[in-house]
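Peer 1: sequence and predicted structure are below.
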Amino acid sequence: MRLSRVIPVLLLAGGLGLFLLARRGDSAVSPMNLVGDQATPGGLLRVSYKYEPSTYNRFVGADIAQDGLARLIHATLIRLNRATGQLEPRLAREWTSSPDGLTWTLKLREDVRFSDGTAFTAADVVFTFQALYDPKVKSQLDSSLRIKDKPLTVRAMDAHTVVIIFPAPYGPGISLLDAVPILPSHKLKAALDAGTFQGAWALSTPLTDIVGLGPFVLTEHTAGQRMVLARNPRFWLKDSRGRKLPYLDRIEIQFTADQNADVLRLQSGDVDVMFSTVRFEDLNALRKLEAQSVIKLHTAGISIAPDLLWFNLAPNSPAARHRPWLQSEGLRKAISMAIDRQDLVNRVFLGEAVPIAGPITPGHGEWYVADAVPAVLDRDAARRALAAAGLTDKNNDGMVDDAAGKTARFSILTPKGSTVRVRSAEVIREQLGKIGLLVDVVPMEIRSMINTWSTGEYDAIYFSVEFDSFDPARNLDFWSSSGSFHVWNPGQAKPATTWEGQIDELMTRQATSINTAERRRLLVEAEHVLAEHMPVLIFAAPKVILATSARVRGVTPSVLSPYILWNADMISVTGPPAK
């Protein structure tokens, strides 16, 4: 999981059984991904992309740019199909588990080579997990690949057999391997042994040294402008007709922070894929272009990564030292009851969203319980909650004041250029004014905002944590008090509050149970505790709508990031680019 990516989103088809059954496969891809006669090998796909990687090393870079790049140039042992929720063989051609689900034996493909021609073996898998868990590396993936805070044990039985031992039962099963790109031992082992792995594959690294097992290789990176990825001629997958994948010759990623420019480029034929989801104010114009066969819109479903409003709840935060009411539960409850969620859905999302109050959305499929966290609009109750928190209108100016008579005022940071978030924050500001709260909306460059979050120098933030699995147990970094994306007070050595300890205990049990009904019950209980204390406020879950040019074929859209490029090896184009 990653902060707005947060890497990112799921409609779990078939339930837990998908993850507990051993699956087998050969070098042909699953029929559900088959493009068939529509696929034309060759060609260039141009993608507009908001985020630029700060490193080529996925283990030390947690945001959406690093994750997206890793899924193009690396491969995993097993892949989660982001459209169906099913597991698919990748570097592992088959796997079996022990009856207790703790020991997994994976048979690796024997015909696989890295992009530089070096043979892939079980030693690369063992090395990858050594790097992931090395405390000097401080990998962003470490905490999400632990069960009950303990690492997996990974052993090579022979050159093409790996055994993975779980330290405890784990509900999502082997699906967690979808998050781990397998790295080349022959390129990175020296850095790990020397304790310099964290600095390996920095942006200054020659691109020929960036070696992977994925469908593409990175051939060009011009900072602030573009990245170019070429077809990896040694990629090992074939389609069901025996044709080598990927179909595309090249992918060109064009960096742009302005979504207005994204839309114009798509409309004019300068790009083929908008990486970002479609803005709702652009839908009417894009639907007209679709009717003219210029573009194609793809609706993936309801997002499982709704935007969140959270306050800085870290003890002794700079803001709370002078305005302790900023950390009051009464303030958060008042805000939740003051927001007309349906009005927000209508005005910002133009009806293409559902009002919600909890982090589990209809997009989570079987994990979603509609009445688990009811949304309440009651501004009189909101004013009473403010009064209970010590905020009342002392001078009859319509705005509430603190105990010292100062107007209760706070700022909400949100990413600059993200029009949906900025407009949502403005609607929130407007509606909170109706209960006497004074709010400043402060759009910031995204990296500056994330840095501000990490230093704790903020009042509140309106952003998202983008989950990378439908199963909530795969996203414990958000739920757990020790998690990196426990956004309101991340990385706690021990739970700062009793209720956070309760959620820790509930979600640990939820993650380590293999009884689906019990897991659902525990999740709802954790949602109730979260809703009682409201460390995050959630108002709407939008539809995930994506746009491509009409020349793009083989798109399998997902609510999980990367929404289209997760399946880039199966994408093809017809004819030359429009421009």
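Peer 2: Yep, that arrived. Computed from a predicted structure; not experimentally measured.
Peer 1: Asp380: how many residues sit nearby?
Peer 2: Asp380 has 9 neighbours, counted by other CB atoms under 10 Å. Bear in mind the C-beta positions are built from the backbone N, C-alpha and C, glycine included.
Peer 1: ignore what I typed, I meant Asp258.
Peer 2: Asp258: 13 neighbours (other CB under 10 Å).
Peer 1: what do you get for the one 4 residues further on?
Peer 2: Counted with other CB under 10 Å, residues neighbouring Asp262 total 25.
Peer 1: how about residues contacting whatever helix or strand it lives in?
Peer 2: Per DSSP states H and E, Asp262 falls inside helix 259-268. Outside helix 259-268, the residues that touch it by CB atoms under 8 Å, 6 or more residues apart in numbering are 48, 50, 254, 256, 270-272, 274, 276, 279, 282, 285-286, 289, 294-295, 417-419, 547, 549, 578-579.
Peer 1: out of the residues you listed, which are buried?
Peer 2: 48, 50, 254, 256, 270-272, 274, 276, 279, 282, 286, 289, 294-295, 417-419, 547, 549 (16 or more other CB atoms under 10 Å).
Peer 1: return the subset of those residues lying in strands.
Peer 2: If you go by DSSP state E, the buried ones among the contacts of helix 259-268 have 48, 254, 274, 295, 547, 549 in strands.
Peer 1: who does the last one bridge with?
Peer 2: Here Ser549 shows beta-bridge partners Ile295, assigned using DSSP bridges.
Peer 1: so how far is Val294 from it?
Peer 2: 7 Å (CB to CB, to the nearest Å).
Peer 1: between these two, which contacts overlap?
Peer 2: Gly269.
Peer 1: can I assume Val278 is in contact with Ala547?
Peer 2: Yes - using CB atoms under 8 Å, Val278 makes contact with Ala547 at a distance of 5.2 Å.
Peer 1: which residues does the residue nearest to Pro374 when sequence neighbours are not counted contact?
Peer 2: Leaving aside its sequence neighbours, Pro374 sits nearest to Ala357 (CB to CB, 6 or more residues apart in numbering; 6.5 Å). Contact analysis of Ala357 by CB under 8 Å, 6+ apart lists 336, 341, 373-376, 531, 538-539.
Peer 1: does the residue lying closest to His533 once chain neighbours are set aside count as helix, strand or coil?
Peer 2: Distances taken as CB to CB, 6+ apart put Trp499 closest to His533, at 4.9 Å, once the chain neighbours are dropped. With DSSP: H, G, I helix; E, B strand; the rest coil as the basis, Trp499 sits in helix.
Peer 1: for Ala531, see how far away Trp499 is.
Peer 2: From Trp499 to Ala531 the distance is 11 Å (CB to CB).
Peer 1: what of Val544?
Peer 2: Distance from Val544 to Ala531, by CB to CB: 24 Å.
Peer 1: what about the two, which has more around it?
Peer 2: Ranked by neighbour count (other CB under 10 Å), Val544 and Ala531 place Val544 first, with 24 against 18.
Peer 1: chain center to the helix or strand hosting that one, what's the gap?
Peer 2: Using DSSP H and E, Val544 sits within strand 540-549. Its chain's C-alpha centre and that of strand 540-549 lie 15 Å apart, by CA atoms, centre = their mean, to the nearest Å.
Peer 1: still on that earlier bit, using JSON lines, lay out the ones in strands among the buried ones among the contacts of helix 259-268 together with distance to Phe485 and pLDDT.
Peer 2: Putting these into JSON lines (distance: CB to CB, whole Å; pLDDT from 0 to 100) gives the following:
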{"residue": "Ser48", "distance to Phe485": "26", "pLDDT": "93"}
{"residue": "Gln254", "distance to Phe485": "29", "pLDDT": "94"}
{"residue": "Met274", "distance to Phe485": "26", "pLDDT": "91"}
{"residue": "Ile295", "distance to Phe485": "34", "pLDDT": "95"}
{"residue": "Ala547", "distance to Phe485": "28", "pLDDT": "96"}
{"residue": "Ser549", "distance to Phe485": "34", "pLDDT": "95"}
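Peer 1: tell me which two of the residues you listed sit farthest apart.
Peer 2: Within these, Gln254 and Ile295 form the most distant pair, 16.7 Å apart (CB to CB).
Peer 1: just the pLDDT for the residue lying closest to Arg474 once chain neighbours are set aside.
Peer 2: Distances taken as CB to CB, 6+ apart put Pro172 closest to Arg474, at 5.2 Å, once the chain neighbours are dropped. Per-residue confidence at Pro172 stands at 92 (pLDDT).
Peer 1: where's the nearest residue to Leu432 once chain neighbours are set aside relative to Ala460, distance?
Peer 2: Nearest residue to Leu432, sequence neighbours excluded (CB to CB, 6+ apart): Val439, at 5.3 Å. Per CB to CB, Val439 is found 9 Å from Ala460.
Peer 1: joint contacts of those two?
Peer 2: 410-412.
Peer 1: okay, those residues in a markdown table with pLDDT and distance to Phe235 next?
Peer 2: Below are the shared contacts of Val439 and Ala460 laid out as a markdown table (pLDDT from 0 to 100; distance: CB to CB, whole Å):
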| residue | pLDDT | distance to Phe235 |
| --- | --- | --- |
| Phe410 | 97 | 51 |
| Ser411 | 98 | 48 |
| Ile412 | 98 | 45 |
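Peer 1: counting neighbours, which of those comes out on top?
Peer 2: So for the shared contacts of Val439 and Ala460 (other CB under 10 Å), the most neighbours sit at Ile412, 26 neighbours.
Peer 1: in CSV, list the C-alpha atoms belonging to the strand or helix carrying that residue.
Peer 2: In the assignment (DSSP H and E), Ile412 maps to strand 409-415. Extracted in CSV, the C-alpha atoms of strand 409-415 (Å, rounded to 0.1, in the frame of the first residue of the first chain):
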residue,chain,number,x,y,z
ARG,A,409,-9.4,27.8,12.2
PHE,A,410,-7.4,25.1,10.5
SER,A,411,-5.9,24.3,7.1
ILE,A,412,-6.5,21.3,4.8
LEU,A,413,-3.6,20.4,2.5
THR,A,414,-4.5,18.7,-0.8
PRO,A,415,-2.5,18.0,-4.0
